[in-house]
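S.K.: for reference, the sequence and a predicted model appear below.
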Amino acid sequence: MKPQDAAGSFAEIASVRIELKDTDPLIWREVEVPTSITLKVLHDIVQPTVGWMDYHL
(Lines give C-alpha, C1' and ligand atoms only; values in the text may rest on other atoms or scores of the structure.)
Protein backbone atom coordinates (compact mmCIF):
# COMPACT_ATOMS: atom_id res chain seq x y z
CA MET A 1 0.00 0.00 0.00
CA LYS A 2 1.36 3.39 -0.97
CA PRO A 3 1.45 6.18 1.66
CA GLN A 4 -1.14 8.23 -0.20
CA ASP A 5 -3.44 5.16 -0.25
CA ALA A 6 -3.18 4.89 3.53
CA ALA A 7 -4.06 8.55 3.95
CA GLY A 8 -7.00 8.09 1.60
CA SER A 9 -8.36 5.13 3.58
CA PHE A 10 -8.30 7.25 6.75
CA ALA A 11 -10.58 9.72 4.98
CA GLU A 12 -13.09 6.98 4.09
CA ILE A 13 -15.87 6.59 6.64
CA ALA A 14 -17.97 3.47 7.22
CA SER A 15 -21.32 3.49 8.94
CA VAL A 16 -21.54 0.52 11.34
CA ARG A 17 -24.84 -0.64 12.81
CA ILE A 18 -24.53 -2.58 16.08
CA GLU A 19 -27.55 -4.70 17.09
CA LEU A 20 -27.90 -6.66 20.32
CA LYS A 21 -29.48 -10.07 19.70
CA ASP A 22 -32.46 -11.36 21.67
CA THR A 23 -33.68 -7.96 22.87
CA ASP A 24 -37.28 -6.79 22.67
CA PRO A 25 -37.46 -4.07 21.59
CA LEU A 26 -34.34 -4.28 19.44
CA ILE A 27 -31.41 -2.34 20.91
CA TRP A 28 -29.15 -0.85 18.26
CA ARG A 29 -26.62 1.90 17.71
CA GLU A 30 -25.09 3.34 14.58
CA VAL A 31 -21.58 4.79 14.56
CA GLU A 32 -19.35 6.17 11.85
CA VAL A 33 -15.72 5.05 11.87
CA PRO A 34 -12.71 5.45 9.57
CA THR A 35 -12.22 2.36 7.39
CA SER A 36 -8.56 2.23 8.39
CA ILE A 37 -9.15 1.41 12.09
CA THR A 38 -8.05 -1.87 13.63
CA LEU A 39 -10.35 -4.38 15.32
CA LYS A 40 -8.91 -3.27 18.68
CA VAL A 41 -9.94 0.33 18.00
CA LEU A 42 -13.38 -0.83 16.82
CA HIS A 43 -13.70 -2.79 20.08
CA ASP A 44 -12.81 0.37 22.02
CA ILE A 45 -15.54 2.25 20.13
CA VAL A 46 -18.25 -0.42 20.52
CA GLN A 47 -17.82 -0.80 24.30
CA PRO A 48 -18.98 2.70 25.36
CA THR A 49 -21.38 2.96 22.41
CA VAL A 50 -23.58 0.22 23.90
CA GLY A 51 -22.87 1.17 27.52
CA TRP A 52 -20.40 -1.59 28.35
CA MET A 53 -17.29 -1.15 30.50
CA ASP A 54 -15.07 -3.91 29.04
CA TYR A 55 -15.73 -6.63 31.62
CA HIS A 56 -17.79 -9.81 31.85
CA LEU A 57 -20.50 -10.40 34.46
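M.R.: Ah, there it is.
S.K.: so where do the strands sit in this protein?
M.R.: 13-20, 27-34 (DSSP state E).
S.K.: burial count for Gln47?
M.R.: For Gln47, the count of nearby residues is 13 (other C-beta atoms under 10 Å). Yep, even glycine has a C-beta here, placed from its N, CA and C like the rest.
S.K.: which one of the strands of the chain lies nearest to Tyr55?
M.R.: With C-beta to C-beta as the criterion, Tyr55 lies closest to strand 13-20 of the strands of the chain, at 16.8 Å.
S.K.: show me what that closest one is packed up against.
M.R.: Secondary-structure packing of strand 13-20 (3 or more C-beta pairs under 8 Å, 6 or more residues apart in numbering; DSSP states H and E): strand 27-34, helix 39-49.
S.K.: buried sites along the last one?
M.R.: Pointing back at helix 39-49 there. By 16 or more other C-beta atoms under 10 Å, the buried positions in helix 39-49 come out as Val46.
S.K.: tell me what angle that helix forms with strand 13-20.
M.R.: Relative orientation of helix 39-49 and strand 13-20, computed by axes from the mean of the first three to the mean of the last three C-alpha atoms, to 10 degrees: 60 degrees.
S.K.: who touches helix 39-49?
M.R.: 16, 18, 29, 31, 33, 37, 52-54 (C-beta atoms under 8 Å, 6 or more residues apart in numbering).
S.K.: 7 Å - rerun?
M.R.: 18, 29, 31, 33, 54 (C-beta atoms under 7 Å, 6 or more residues apart in numbering).
S.K.: now the shortest one
M.R.: By C-beta under 7 Å, 6+ apart, the surrounding residues in contact with strand 27-34 are 10, 12-20, 42, 45, 49-50.
S.K.: include mean pLDDT when you put the strands of the chain into TSV, please.
M.R.: As requested, these are exported to TSV (pLDDT from 0 to 100):
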stretch	mean pLDDT
strand 13-20	96
strand 27-34	96
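S.K.: now those in JSON lines, with mean neighbour count?
M.R.: Shown next, in JSON lines, are the strands of the chain (neighbours: other C-beta atoms under 10 Å):
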{"stretch": "strand 13-20", "mean neighbour count": "11"}
{"stretch": "strand 27-34", "mean neighbour count": "12"}
